[in-house]
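**Q** need coordinates for the following:
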Amino acid sequence: MKKTMLSTAQSYLVCLVGVLAIFGAVMAVCETGLADSYIKGIMMTACIAIIMTTSLNLTIGVLGQLTLGCCGFEAIGAYVAALASKYMVASGMALDPTTRFLVTTLLGGVVACVFGILIGIPALRLHGDYLAIITLGFGEIIRVIIQNLKVAGGMGLDKGAAGQALIGIDRTANLYVVFWIMVVTVVVLFMFGRSRYGRAVKAIRDDEIAAGASGLNTTYLKVLVFAISAFFAGIAGGIFAQYIGSLNPTMAGWLNSINYVIMVVFGGMGSITGSIVSAVGLTILPELLRAFADYRMLAYSVVLVLVMIFRPQGIFGSWEFSLPRVVNRLLFRNKATKAGKPGAPGTLGVPGLPAGAQAKPQATSSKEA
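**A** Numbers count the residues shown, from 1 in each chain. Below you'll find the model as predicted:
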C-alpha cells in the first residue's frame with residue numbers, strides 16, 4: 001500500500017476544503033455577533049503573529065540561523081505602508097480601501113525585502129551568537145533612524161515631526177482579507193520548505209561546509225531565505241499599521257523580536273504547524289491571564305520555562321500536521337485492513353498481502369519431524 005491513497009490534486013483539494021471550513025467558522029463567529037470587537041482584535045493579532053512567526057521560522061528553523069532583528073523589517077514594512085497610504089489619500093488617488101490596503105501592504109513587503117538583502121549580504125557571513133548580535137544591532141539602527149525621520153512622525157509626510165508617533169493612518173485592514181493573506185503566507189513558506197531550495201537550505205543548516213563542497217551556493221541561498229523572511233515580516237508590518245492606525249518606533253525594539261523568537265522555539269524550530277499553534281497560543285494566553293495582572297507575566301514565564309525543561313525541541317519538534325494524511329487514515333484504513341486480513345483457508349495469513357499471494361504451508365517431511 002502506498003504511503004498516501006490520495007493523489008496530489010486530491011490532497012490539495014482536501015487542504016483547500018479544510019481552509020474554507022476554518023474561514024467559514026471565522027465568518028460565522030463574526031457575522032452572528034458571537035465575536036465582539038475585542039475578540040476580532042485578538043484574531044487579527046493572531047494572524048499577524050502567525051505571519052511573523054512562520055517567516056521567522058524559515059530563518060531560525062529551516063536555515064538554522066538565529067536572528068533578532070525581525071521586528072526591524074516589520075517596522076520598515078509598517079512605516080512604508082502607512083506613509084504610502086497617506087500619500088495616496090493626500091494625492092486623491094481613487095482606490096477602493098481594500099485595494100489600497102493590498103497595494104500598500106505589498107509595497108511595504110517589497111521594501112522590507114530590499115533591506116533584508118542589503119543587511120543579509122554582510123550579516124550572513126557570521127554564524128551563531130555573532131549573527132544574533134549583528135541582527136540585533138541592525139534592528140536598533142532601524143528603530144533609531146525611524147525615530148529621527150520627520151516624515152515618519154506626527155501626521156507624516158510634509159506635516160511630520162521627528163520623535164513622535166505616526167498617527168492618522170487609515171484603518172483599512174479587514175479580518176477576512178488578512179486571513180487569506182495569512183493562508184497564502186503559510187502555503188508559500190510550507191511549499192518553499194518542501195521544494196528543492198528548501199532541501200538545499202536544510203543541507204546548509206545541517207552542515208554548511210559539506211553543502212558548499214557539494215556545489216551549493218550557500219551565500220545565495222542564505223540571502224534568499226533572509227530576503228523571503230524579511231518580505232513577509234514587512235507584509236505583517238503593513239497589516240499591523242493599517243489595523244492599529246498609529247505607529248511608534250518602539251515596535252522595532254529587540255524585546256518584540258525576542259517575543260517572536262520565543263514563539264518559534266516554543267512551537268518547534270522547523271515546524272510550520274508548531275509556529276502557527278504557538279503564535280495563536282501565546283497571543284491568547286496573555287489575554288486569558290489579564291485578570292491576574294500582577295501575576296500574568298510570571299505565569300507566562302513559568303509556562304515557557306516548563307516547556308523548555310520538558311520539551312526542549314519545542315511542542316511539535318519538526319512534526320507537521322497533514323490533513324490529507326488524516327483523511328487517508330479515516331477513509332482507507334478499513335480497506336487496507338481487509339486487504340491484509342489473515343485467516344484465509346490454506347494460507348499463512350501474512351498481513352498486507354492479498355489472499356492470492358499468500359504462501360501455502362509446506363507439508364513437514366518425516367526427516368524434519
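**Q** and stretch 248-266, what's buried?
**A** 248-249, 251-254, 256-257, 259-266 (16 or more other Cβ atoms under 10 Å). (C-beta placed from N, C-alpha, C; glycine too.)
**Q** so which of these comes closest to Met155?
**A** Ranked by distance to Met155 (Cβ to Cβ), the buried residues of stretch 248-266 are led by Asn248 at 14.5 Å.
**Q** I figured that closest one was touching Ala165, is that so?
**A** Yes - look at Asn248 against Ala165 with Cβ atoms under 8 Å: they come within range, at 4.6 Å.
**Q** what about the buried residues of stretch 248-266, which are in helices?
**A** Trp254, Asn256, Ser257, Asn259, Tyr260, Val261, Ile262, Met263, Val264, Val265, Phe266 (DSSP state H).
**Q** which of these sits closest to Thr59?
**A** Taking Cβ to Cβ as the measure, Thr59 sits nearest to Val264 out of those, at 8.9 Å.
**Q** burial check on Leu95, number of neighbours?
**A** By other Cβ atoms under 10 Å, 15 other residues sit near Leu95.
**Q** same check on Ser91?
**A** What Ser91 shows, counting by other Cβ under 10 Å, is a neighbour count of 7.
**Q** what's the answer for Gly212, then?
**A** Neighbourhood size, Gly212 [other Cβ under 10 Å]: 14.
**Q** ok, now which ones touch it?
**A** Thr218 (Cβ atoms under 8 Å, 6 or more residues apart in numbering).
**Q** what strand or helix carries it?
**A** For Gly212, the host element (DSSP states H and E) is helix 208-213.
**Q** what do you get for Ile145?
**A** Secondary structure (DSSP H and E) places Ile145 in helix 128-147.
**Q** contacts for that helix, please.
**A** Identification of contacts with helix 128-147 by Cβ under 8 Å, 6+ apart yields 65-73, 75-76, 79, 115, 119, 123-124, 126, 152-153, 162-163, 249-250, 252-254, 257.
**Q** repeat that for stretch 295-307.
**A** Ile262, Phe266, Leu282, Leu285, Pro286, Leu289, Arg290, Phe292, Gly314, Ile315.
**Q** repeat the analysis, applying 10 Å as the threshold.
**A** 262, 265-267, 278, 281-282, 285-290, 292, 314-315 (Cβ atoms under 10 Å, 6 or more residues apart in numbering).
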